[in-house]
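> Just to be clear, the model below is a prediction. Sequence and coordinates:
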There are 2 protein chains.
Amino acid sequence: MKDVAALAGVGLATVSRVINGTPVDPVLAAQVTEAARRLGYRHDPTASSLRRSDRRTRTIGLILEDVANPFSSVLHRAVEDVTRELGLLLLAGSSDEDPERERSLLGAFHARRVDGLIVVPTGRVGDELRAVARQGMPIVCVDRAADLEGVDSVTVDNAEGVADAVRRLHALGHRKIAFLGDQASLWTARRRWEGFVAAMAALGCPLKDGWVRRDLHGEAAGEEAAREILTGETLPTALVTSQNLLTIGARAALQDLGLHHAIAHVGFDDVELANLLTPPLSVIAQDPAALGRRASELLVSRLDGYDGPGRHVVLPTRYLARGSGEIQRLTRHLPRADDPGR
Amino acid sequence: MKDVAALAGVGLATVSRVINGTPVDPVLAAQVTEAARRLGYRHDPTASSLRRSDRRTRTIGLILEDVANPFSSVLHRAVEDVTRELGLLLLAGSSDEDPERERSLLGAFHARRVDGLIVVPTGRVGDELRAVARQGMPIVCVDRAADLEGVDSVTVDNAEGVADAVRRLHALGHRKIAFLGDQASLWTARRRWEGFVAAMAALGCPLKDGWVRRDLHGEAAGEEAAREILTGETLPTALVTSQNLLTIGARAALQDLGLHHAIAHVGFDDVELANLLTPPLSVIAQDPAALGRRASELLVSRLDGYDGPGRHVVLPTRYLARGSGEIQRLTRHLPRADDPGR
DNA sequence: GCGAATCGAGGAAACGTTTCCTCAACCTGC
DNA sequence: GCAGGTTGAGGAAACGTTTCCTCGATTCGC
């Protein structure tokens, strides 16, 4: 930059002004531009942000559960689309639901002075997140709410999504509905379970021991749990799986046991190829792109100066009736009467 | 940092030494650590890298086709796993196969002085990539080779993967094999097409006009092209789709036309739920995680000082025989003889 | 016991920018 | 025509660090 100033025959400050678009004599500006071109000068945003009064790095941090997870990566992309417009770069990392790893990413991003943070928080809100938020860093939590002063969140109505599915199954005659849930430490997993329990209670359906499985993580766990339920004494007539991989695992078990046409199945979160299965898989779909978009917008508003209390956006889920959830109750499996009392 | 030095009663330089682990009087070190703790001091890697002699930012840039694409995101994750160990942060962006967008990301990452770059290059190697490479930035191309001095690459043996699938189909009696390919501007799409053409020629199978479709992009284009082929005068007995989304689109067409049990189908690149379809989808699988891992390792070796010529790693593909590719030639569909001459 | 070599800490310059402040030149109004 | 105001460019300090250099103190050899 010094060289550019020398070649253009102007002061350092003028070069800076030209670069930042501060009005300056057009003749000088042209000289500077030309000199910069000839010297192959490249502006250094890092040094710039060091001195700059607002300390903006034009970088934002994104902490996902796992960048490779389709849900996360679609969200990631939506965030990228919004931030790209503003010329912001994205620093991304995976927490793997590990609070310690979340802590370390949070620390690294904060130390690098990112302008803001979009986070899918692990479990309970950790101290690091609290500390970073307290220091005035704009933060938006996504997919899971975090009850922190001045922190926004965008979530999905998990409980209602599951409850809606349960009511639909009930309307088709199903009373014996099994449930597979992820680790109870996850905010979403708890909400979905609550939605299930509440809806079943509201419909007067008792919960059978062993038909409500929680703390399952990953495809294999889902398959095994489904297999146990489906090889039991009496079978449920419908199955709700409240997470991606659990859905896939359970479906594998259903197909393996030849029950995929007999037992209704609804999963939470859409999955590629779901509509090419036979029967096609019905799901409670979220819109990860919408989550990412809304979260980015909230963050951008904070970047633009909004400094009010946390805003909490809740997006609806959408039930996609494709077939597997529309299987009617199979009466021949049932004992004489479906007596909810026992 | 100045405050820490003052509180600890030492010089600025000593604080820096403590932070960077340069040996220093243990008593002073303890004072510094304590002072830093009390003041809640956080080291600023940005300012650090500005002055530091090696100019390392401990950041690397990752340019993918689309972070939301499962292939890309799994690769992303593998890169993250390797770089995390080294305490490097990842700046990620999507090029969308748009050279201009690639240019802009490249420029932004370079300006921010990332220590290295892992890139899935769009089409031909652009000037920007060439320029950045020439300036000594360590670069590894992944998924697609780039013929640049001092630039490594990790790719998959695309041509052989497709050729292998064709030979397998041939062994099952198939002679009339259709092919769906992505945009010819893509390096991988060209290689896969070449593999198809070469294998067909080697086996003495003529290519029928209209059965080799290229320049298809996206699921809808795949479905439409497949539909056209499958509603033609004479039908192929097997179908090779050389990209993710084309595979899904083609499979949808096959199922919609009720031909999924009649016509063999092999896709390139594995896809979630493929094994739960009926028949399960056979694919030529790549290992995106391995691509990402190897690319990261090559980059790390350059970061560690390797400055030799570009190294080019080629990983094999793996054929996953699940069912759809093992459908035998359906003789009743064929006219009297399978006369390759006409 | 003294000079030289060694060691380790402090001070200051430097990294590439922006911003404050100064100052020269020009313009305006009387 | 001149005082005061306005405009706009240059010089220098500052951002938070690292590194070079200096210098005092300790140790070692003779």
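Yep, it's here. Residues are numbered from 1 along each chain as shown, chains lettered A, B, ... in the order given.

> Now the stretch 151-300 of chain A against chain B: closest residue?
Distances between the stretch 151-300 of chain A and chain B by Cβ to the nearest Cβ are smallest at A:Leu273, namely 4.2 Å. To be clear about C-beta, it is placed using only N, CA and C from the backbone, and glycine gets the same treatment.

> isn't that residue right up against B:Leu273?
Yes - counting by Cβ atoms under 8 Å, A:Leu273 touches B:Leu273, with 4.2 Å between them.

> what does chain A have sitting close to DNA strand C?
Residues of chain A lying close to DNA strand C (Cβ under 7 Å from any atom of the strand) are A:1-2, A:12-13, A:15-17, A:19-20, A:41-44, A:47-48, A:50-54.

> dump the residue contacts of A:Met137.
A:110, A:114, A:116-117 (Cβ atoms under 8 Å, 6 or more residues apart in numbering or on different chains).

> Filter these down to the ones in strands?
A:116-117 (DSSP state E).

> from the residues of chain A next to DNA strand C, which ones fall inside helices?
Among these, the residues falling in helices (DSSP state H) are A:2, A:12-13, A:15-17, A:19-20, A:47-48, A:50-51.

> Which entries within the residues of chain A next to DNA strand C meet the buried criterion?
Those of the residues of chain A next to DNA strand C that meet the buried threshold are A:1, A:15-17, A:19, A:41, A:48, by 16 or more other Cβ atoms under 10 Å in any protein chain shown.

> Farthest pair within these?
Using Cβ to Cβ, the pair of these lying farthest apart is A:Arg17 and A:Tyr41, separated by 14.7 Å.

> closest point of the stretch 201-342 of chain A to DNA strand D, which residue?
A:Leu303 (19.9 Å; Cβ to the nearest atom of the strand).

> mind listing what that residue touches?
A:115-116, A:138.

> how much space between the spatially most central residue of chain A and A:Leu91?
For chain A, the residue nearest the mean C-alpha position is A:Asp143 (4.3 Å; Cα atoms, centre = their mean). Going from A:Asp143 to A:Leu91 by Cβ to Cβ, to the nearest Å gives 19 Å.

> Burial check on the residue of the stretch 151-300 of chain A closest to chain B, number of neighbours?
Neighbours of A:Leu273 under the rule other Cβ atoms under 10 Å in any protein chain shown: 19.

> Pull the contacting residues for it.
Shown in contact with A:Leu273 (Cβ under 8 Å, 6+ apart): B:248, B:251, B:271-274, B:276-277.

> Would you write a ChimeraX line that selects the buried entries of those residues?
This is how ChimeraX selects the buried members of those, with burial counted by 16+ other Cβ under 10 Å:
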select /B:248,251,271,273,274,276,277
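
> quick check, nearest of the contacts of A:Leu273 to B:Glu149?
Among the contacts of A:Leu273, B:Val271 lies closest to B:Glu149 (Cβ to Cβ), at 36.6 Å.

> quick one: the closest one and B:Leu246 touch, right?
No - counting by Cβ under 8 Å, B:Val271 stays clear of B:Leu246, with 11.0 Å between them.

> contacts with DNA strand D among the buried ones among the residues of chain A next to DNA strand C, please.
Among these, DNA strand D is touched by A:Arg17 when using Cβ under 7 Å from any atom of the strand.

> per-domain residue ranges of chain A.
Per the record, chain A has its domains at A:2-43, A:59-156+A:288-316, A:158-286+A:320-333, by automatic domain parsing.
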